[in-house]
Each structure stands twice: as structure tokens, then as C-alpha cells.
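Asks: Dropping a prediction and its sequence here:
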Amino acid sequence: MIRNLAIFIALFLWPMFAAAQNLTVSTVSRSPFSMEIDGRDSGFSVELWQAIAERIGADYEFVRYDSFADMLQSVETGQADLAIANISVTSEREAIMDFSQPIFSAGLQIMTPLQGHTGMSIWSIILSADLLIPIVIAFGVLIGAGMLMWLFERHKQPYFNYTAGKAVFPAFWWALNLVVNGGFEERVPRSAPGRLFGVVLVIASLFVVSIFVARITSMMTIEAINTSVTSFSDLYGKRVGTVSGSTAATFLERRDLQYAGYSNPQELLAGFEEGELDAVVFDAPILAYYVKSKGANKAELAGPIFLREDYGIAMPSGSPLAEEINKALLYLREDGTYAEIRQNWFGILSD
């Protein structure tokens, strides 16, 4: 009977003994939830776990993985006692592991290049193939028209009194001024063919300039419409990027949105900075932190947060730590510690 009592007491006290052991905490770099600063683990989730561990009296060591999938697998296989980062609580993950109460309420959001920073400028439009070829043709036409006027006027007025080789630029300059300004009053054509040709050029130039300006305006308008993103419905046809295997990737796949998958947020943001993407779809807090800390002059958040989701602490299925961690979380919320940590990292007191 004493033996059975001892076994009962051991089983009853096992969660507390387990908490007192040296726990293995797996994580992955996800600013601002988990990251390394000067060789030390830091971030919202890291700081929150440190407060929880102090509350339950647990010793621990961090194991930082290179990928999100490897971190979750360490929990699923029991290599780690728990995992912290920005881990979304999903039904698929809940089926193979346990989660704490939510530690952060977030969702997905869209980030785009800051309008005016990487958007199409007047020069990029002019140098585009759609306008560059017509511009080159227009220059050729001006040179040809100027040289034809030189042929008509070379013996009629001093301005055109050059040999053919030396007359190319003066002739081009005359034709350009005719198109833009209506010509030179002191250089009115004097020959009958020259006067007739000059009138034709002036009338034709009115249409050419109008069409050219309208073309540039329409291209800029179309570009502004095409680059405007206010919701995920505007992402079709855009170069969209996210992290492979993330909840954002699943969201895009369910809506048949083509996207470029990156192995981690660092590569995703690097691709965005290199101009590979028109939009990024990922966890709202991470994108907000990037815009605030690094991309203030490069990026902006587009539209509201959608697909609301909760982050939690992941543990192996049936973990004896779950109850102790949840109790600690409730206590930290009640005594204001959670709000203080959240405000330090995000500047907001509550979800």
C-alpha cells in the first residue's frame, strides 16, 4: 500500500518535477517575436517565455532552428519540450501537438512598395519599350523633315546654307522648334515647296504632340491602377511573395493566387527590397515591425488585417507543461506583465 501511495504521489507531482527540469525550447528567427541580438536571444515571444519560466520555476535552453518546419517537427517528435515564435494555432497543427492559450492575436496583411519610391516614374515610362521605339522613330522623322526643308530652303536663306553633312543638326533643330513652338518667325520658309511643307508639319505636329502626351498620361494612369493594392482581391496578376508552408501560403493557394515561395522571412524581405515582388503577404506584426524599423522609406502596409489568427506556445501532444504554462500566462496578464512586454515591443497595450 505504501508503494502504491508513493507511485500515486510521483504521478501527481510529475508536472511540477518536469517543470523544474532543464527544458529544451525550440525557436526560429522571426522578428520581432524571436531573434538574436548581439548573440543573445530576444524578441516578444522570448521575453514572454522568460517571464513564464520564472513564474513556474523552470530552467531552459534555447535551440534555434533554420526553418519554421524544423522547429515544429522538433516539438512533434518530442525533441523539444516546447516551441516559441509566431506560431499560428491551426486545426492541422492542433491535431498533432498541443498549444497554450493565445499569446498574441494577429492575422495576415499585405505590404507593397511605398508609392513614389519604386513606382513607375515619367522617365521609366518614356524609356519603356512602348514609348522608346516611337520616340526613336519620331527623332528620325524630325531629322528627315528637317533635311527635306534644307533641300527646299538651302539657296533661299542663310540658316540652311550648309553642306548636307553640316546641315543635319540645324535642320533637326528647326523641325523640333516647329513641332514644339510653331517655328521661328525669322526663319519662315521662303520657297513655295518649303512653305507648303511647313504648313503640313505645323498641322501634323498638333496631332503628334497631343497623341504623345495622351499616351504618357494613359500609361501613368494604368500604372497607378495596376500598382494600387487595397485588399487581397487586387493581388491577381501581381508578383506576390510569402514564406513557403506558412498560413499565408495556404491562404493564397486556396484562392488560386500565384506566389513566389521563400524559405524564411529574411529571404522574403530581401527579395522585396531587390524589387522582385509587387506585394508581400505575411503575418501582420512582422510586416508592421519591418515597415517601422527598416522599411519606412521603402514599404507601406496595404489594407486591413485579414484572416485573423492567434499565436500560441506549441508543445508535444499531452505535454504536462500545458497547465502550468496556461496558469502562468493568466497570472502575467492579470498582474500587467504581459501588457508591459507587449507595449515594449509593439507600443500597444492589448489585442
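Replies: Cool, the structure landed.

Asks: Name the surrounding residues that touch the helix or strand hosting residue 305.
Replies: Using DSSP states H and E, residue 305 falls within strand 299-311. Identification of contacts with strand 299-311 by CB atoms under 8 Å, 6 or more residues apart in numbering yields 33, 45, 86-90, 102-115, 229-232, 247, 251, 272, 279, 284, 287-288, 290-291. Using the backbone N, CA and C atoms, a C-beta is placed for each residue, glycine as well.

Asks: Not counting its neighbours along the chain, what's nearest the residue positioned nearest the centre of the chain?
Replies: The residue lying closest to the centre of the chain (CA atoms, centre = their mean) is residue 280, at 3.7 Å. Closest residue to residue 280 apart from its sequence neighbours, by CB to CB, 6 or more residues apart in numbering: residue 111 at 4.4 Å.

Asks: May I see the buried residues of the helix or strand encompassing the one you found?
Replies: Element membership for residue 111 (DSSP H and E) is strand 104-113. Along strand 104-113, these residues count as buried under the neighbour rule (16 or more other CB atoms under 10 Å): 104, 106-113.

Asks: Stretch 253-266 now?
Replies: Residues of stretch 253-266 classed as buried under the neighbour-count rule (16+ other CB under 10 Å) are 257, 259, 261-262, 264-265.

Asks: Repeat that for stretch 229-245.
Replies: 229, 232, 234-235, 238-244.

Asks: now the end-to-end length of stretch 271-285.
Replies: According to CA to CA, to the nearest Å, stretch 271-285 extends 19 Å from its N-terminal end residue to its C-terminal end residue.

Asks: Might one say that residue 143 is in contact with residue 171?
Replies: Yes - Residue 143 sits in contact with residue 171 when judged by CB atoms under 8 Å, with a separation of 7.1 Å.

Asks: How about residue 60: which residues does it bridge to?
Replies: With beta bridges defined as DSSP bridges, residue 60 has these partners: residue 23.

Asks: That one and residue 23 touch, don't they?
Replies: Yes - with contact taken as CB under 8 Å, residue 60 and residue 23 are classed as touching, separated by 4.2 Å.

Asks: shared neighbours of these two, which are they?
Replies: Common contacts of residue 60 and residue 23 (CB under 8 Å, 6+ apart): 53, 81.

Asks: Compare those two (neighbour count), which wins?
Replies: Shown here are residue 60 and residue 23; by other CB atoms under 10 Å, residue 23 has more neighbours (19 against 16).

Asks: Okay, the more buried one and residue 56: tell me how far apart.
Replies: Summarising the geometry, the distance separating residue 23 from residue 56, computed by CB to CB, to the nearest Å, is 10 Å.

Asks: Kindly report the same for residue 244.
Replies: Counting by CB to CB, the gap from residue 244 to residue 56 is 35 Å.

Asks: ok, back up a step: was I right about the residue nearest to residue 280 contacting residue 269?
Replies: No - in this structure, residue 111 is not within contact of residue 269 by CB under 8 Å, at 9.0 Å.

Asks: picking that back up, higher neighbour count, residue 143 and residue 171?
Replies: Applying other CB under 10 Å to residue 143 and residue 171 shows that residue 171 carries more neighbours, namely 26 against 16.

Asks: So for the one helix or strand the more buried one maps to, mean pLDDT?
Replies: In the assignment (DSSP H and E), residue 171 maps to helix 168-181. Helix 168-181 shows an average pLDDT of 78 in the prediction.

Asks: List the contacts of that helix.
Replies: 139, 142-143, 145-147, 149-150, 159-160, 162, 183-184, 187, 198, 201-202, 205, 208-209.

Asks: what about 6 Å?
Replies: Residues from elsewhere that reach helix 168-181, judged by CB atoms under 6 Å, 6 or more residues apart in numbering: 142-143, 145-147, 150, 201, 205.

Asks: Okay, buried residues for it please.
Replies: In terms of neighbour count (16+ other CB under 10 Å), helix 168-181 has its buried residues at 170-172, 174-176, 178-179.
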